[in-house]
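[1] The following block contains a protein sequence and its predicted model.
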Amino acid sequence: RWPQKSILAKCSVAALAKSNDDFETLSGALKATGLDEVLMGEGPFTVFAPTDRAFEGENLSGLDLAEVLTYHVVPGKVLSTDLENGSVTTVNGATIEVDLSNGVKINESTVTNADNEACNGV
C-alpha cells in the first residue's frame, strides 16, 4: 500500500529533486510541464536526472519539455546495481544506452550521484 498523496508530495522523486540545489532547472521544468505532479504519484519511477550543469548552454525554448523530461524516466525502481549494459526504454518510448564498463553512463553522460531513493522511486 502506497503512502497517502500528502505524504508522497513530501517524499516523492519530485520532492527529492526540488530539495536538491543541483536540480533547480529540472525542478522548474517539471513544474512548468505538470510532470512534478505525476512524479508525486505512486510510481515507482526511476529518473536519470540531469543536473543544472547538464543544462548549461542548452537552449530549452522551442523544445517539447515533457518529451525531454520523460526521456529521462523509466518505469519501476531501478538502482544502479540493477542496471545492465544495453538499451532501456524510457517512458516516452525512446531508448537510452546503459554502459557499465567504467562506472555508470547513460548515453554519453556519467552518472555522478546514483541511488537517491524516494518513497516512490529513485
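    Nice, thanks for sending it over. Numbers count the residues shown, from 1 in each chain.
[2] if I look at the residue positioned nearest the centre of the chain, how far off is residue 61?
    Closest to where the C-alpha atoms of the chain average out (Cα atoms, centre = their mean) is residue 47, at 2.0 Å. Residue 47 sits 23 Å away from residue 61, going by Cβ to Cβ, to the nearest Å. Using the backbone N, CA and C atoms, a C-beta is placed for each residue, glycine as well.
[3] repeat for residue 117
    For residue 117, the distance to residue 61 - Cβ to Cβ - is 33 Å.
[4] Which one's more surrounded, these two?
    Using other Cβ atoms under 10 Å as the criterion, residue 117 and residue 61 rank with residue 117 on top: 12 against 6.
[5] Need the per-residue pLDDT for that one.
    Here, the pLDDT recorded for residue 117 equals 94.
[6] just the helices in the protein please.
    Using DSSP state H, the helices of the chain run over residues 5-11, 13-18, 24-33, 35-38, 52-55, 65-70.
[7] Need the ones you listed in a markdown table (columns: mean pLDDT, distance to residue 90 and mean neighbour count).
    As requested, these are arranged in a markdown table below (pLDDT from 0 to 100; distance: least, Cβ to Cβ, whole Å; neighbours: other Cβ atoms under 10 Å):
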| stretch | mean pLDDT | distance to residue 90 | mean neighbour count |
| --- | --- | --- | --- |
| helix 5-11 | 66 | 22 | 14 |
| helix 13-18 | 93 | 14 | 22 |
| helix 24-33 | 93 | 15 | 18 |
| helix 35-38 | 93 | 13 | 19 |
| helix 52-55 | 90 | 16 | 14 |
| helix 65-70 | 93 | 6 | 17 |
